Structure formats: C-alpha cells, structure tokens
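A.B. asks: 3D, please:
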Amino acid sequence: MYNLFGTQSLGKRRPDSSGCLFLLFVMLLIQVVPVQAQEKKSTSAEQVWLAYFNQTRLSDRWGLWGDFHLRTKDNLFSGLNTGIARVGLTYYANDDLKLTAGYAFVNHFPADNHADVSRPEHRPWQQVQWHTKYKKLRLMQWIRLEERFRRKILDASTLAPGTNFNFRVRYNLFTMFPLSKKRFQPGTLSWVINNELHINFGKEIVYNYFDQDRFFTGVQYHVNSHDSFQFGYQYVFQQLASGSSYKKSHVIRCYYFHNPDLRKKNKK
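C.D. replies: Below you'll find the predicted structure:
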C-alpha cells in the first residue's frame, strides 16, 4: 500500500524512466516562469510552515484524511499568518488511486486589510490522487477542487455579513528520489522535489485567475513504514486580487506524515 507519497506499494515496479519524468517536471516549472518574470509591484516575506498529515486506511476501500497547518507571517517567527484544519473521507479505488472529499476550516490571522480581526474561511474540497512507482523514483499527483467561502471585511477591525466565494483548482506534482541503496526504507533519506499550481475561477475572480505557485525542494526521512518527516525550502509566488501586485514568500517547511493501516495484519 502507498502512504501519502507512495513509499510502499503492492505489485510490480514500472520501468525506470525517472529521467523522462524529471524532464516533464522541469517543463511544468517553465510554464510559470513567464508569470514570475513580469515587472510588477511585489512584496516579500520569510515564513515558517508547520504541518501534520494523517491518512488512515480503515479497510480495502475506505479511509480517513486529516491535515493541520500553522504558518507564520514574516521574519520567520514574527506573528501568525494562517491556520488550517482539513478533514476528509477517502475511497480507495485501488492502492494507487484514491478519491477524497471533505471540509477545511481556515483562519486568516490579522493582515493588511483586516489588521485587528481574523478572517474565517469555510472550504469544502474534493480530490483525486494517484501514485506511480519506479525503481529509483516515487511519483505522486493530485488534482484538488476547492470551494472557498471567505467572510467579507467591513473595515480593519470588523467582519461584514456574508462571504466572498470562488473556486480554486490545484495540481500537485511530487517526486522523490532515494539517497541510499536501501531505497525508501525506514531510516533512510530521500530527495524531494514538489510543485503545486493554484488556479482561481468563478464570478468574483476578475484579475487573478492565476493564484499562486509553490515550489519545494528538501529531504524526507523515512521514520518507519508509515511515518516520515519532511524538511526543506519552499518558494511561493502569488498574484494578489488586484492583478498587478504580487507576493513572494521564502518558506522553511517542516511536515510530518503519519499513515497507519488499520486493516487486519493477517489479511492477504
């Protein structure tokens, strides 16, 4: 069975084509470079992102999803930016393909246009996630659709009735390469490259159909067969609602993944 990033699998391995897949990954990144290269007004921040991910396999077909995040605002440890609690129910089509639907609550801590009040967001979400295993590569992809209901802002210290609404689609491409001969085994390290593209759409989206791109590289330590720790650097390039302003975030990212399998151990 695969955990979140496919460090285990049943069945035969596919032919080793990591070079071709890596080239495709680079081509994906090239698509967002022209956007980043535009000479527009931009701000920058240095942040820390902490998260815990849990995917619990309950049976051959069903499982639970949970992930919880805390992100700082700037100067690494100066203030809080975002808190997220996301849960979901997963259907396993097979060990390599999962369908998940759920709900997330997002707390946007006080920021520029709501300096004295936090802004809540309710975010239903649906996702298809699939894994591919090669001899020297693990590949994970997902496409996620989100419905974002963000509370309206009256002024710097007051929330207004009602919500702003838009859809957002996310495409996540995750690659992992072993750094030792004991590939992806407990006690070993892997090199991770990850890119996630976010696209907005809906009636209220006028200027920023491109929302943001997140590029991450770092290492993943395989604690055991179902736990791993990930640490590295993430660059976030975000287009703001005005369409002419951008934010660049340099992020230290620390994620812990826990993926227990509660099926009977003696089941074949």
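
A.B. asks: Now residue 110. Its backbone dihedrals?
C.D. replies: Here is the backbone geometry of residue 110 (degrees, to the nearest 10): phi -50, psi 130.

A.B. asks: The nearest residue to residue 226 once chain neighbours are set aside: how many residues sit nearby?
C.D. replies: Closest residue to residue 226 apart from its sequence neighbours, by Cβ to Cβ, 6 or more residues apart in numbering: residue 259 at 4.6 Å. For every residue, glycine as well, the C-beta is placed using N, CA and C. Each residue near residue 259 was counted by other Cβ atoms under 10 Å, and the total is 21.

A.B. asks: what's the answer for the one 5 residues further on, then?
C.D. replies: By the other Cβ under 10 Å criterion, the neighbourhood of residue 264 contains 8 residues.

A.B. asks: cool, and residue 135?
C.D. replies: For residue 135, using other Cβ under 10 Å, the count is 12.

A.B. asks: Report the secondary structure state of the closest residue to residue 152 other than its chain neighbours.
C.D. replies: Spatially, and ignoring its direct neighbours in sequence, residue 152 is nearest to residue 160 (3.9 Å; Cβ to Cβ, 6+ apart). Classification of residue 160 using DSSP: H, G, I helix; E, B strand; the rest coil returns strand.

A.B. asks: Residue 160: how many residues sit nearby?
C.D. replies: Residue 160 has 11 neighbouring residues, counting by other Cβ under 10 Å.

A.B. asks: Residue 55 belongs to a strand?
C.D. replies: Yes. Applying three-state DSSP, one finds residue 55 inside a strand.

A.B. asks: where's it relative to residue 129, distance?
C.D. replies: Separation of residue 55 from residue 129 (Cβ to Cβ, to the nearest Å): 9 Å.

A.B. asks: show me the contacts for residue 73.
C.D. replies: 45, 47, 79-81, 109, 111 (Cβ atoms under 8 Å, 6 or more residues apart in numbering).

A.B. asks: Most neighbours among the residues you listed, please name it.
C.D. replies: Neighbour count (other Cβ under 10 Å) singles out residue 47 as the most crowded of those, with 22 neighbours.

A.B. asks: Name the helix or strand for that one, please.
C.D. replies: strand 41-57 (DSSP states H and E).

A.B. asks: Give me the buried positions along the helix or strand just after that strand.
C.D. replies: Sequence order places strand 62-74 as the next helix or strand after strand 41-57, per DSSP H and E. By neighbour count with 16 or more other Cβ atoms under 10 Å, strand 62-74 contains the buried residues 63-65, 67, 69-73.
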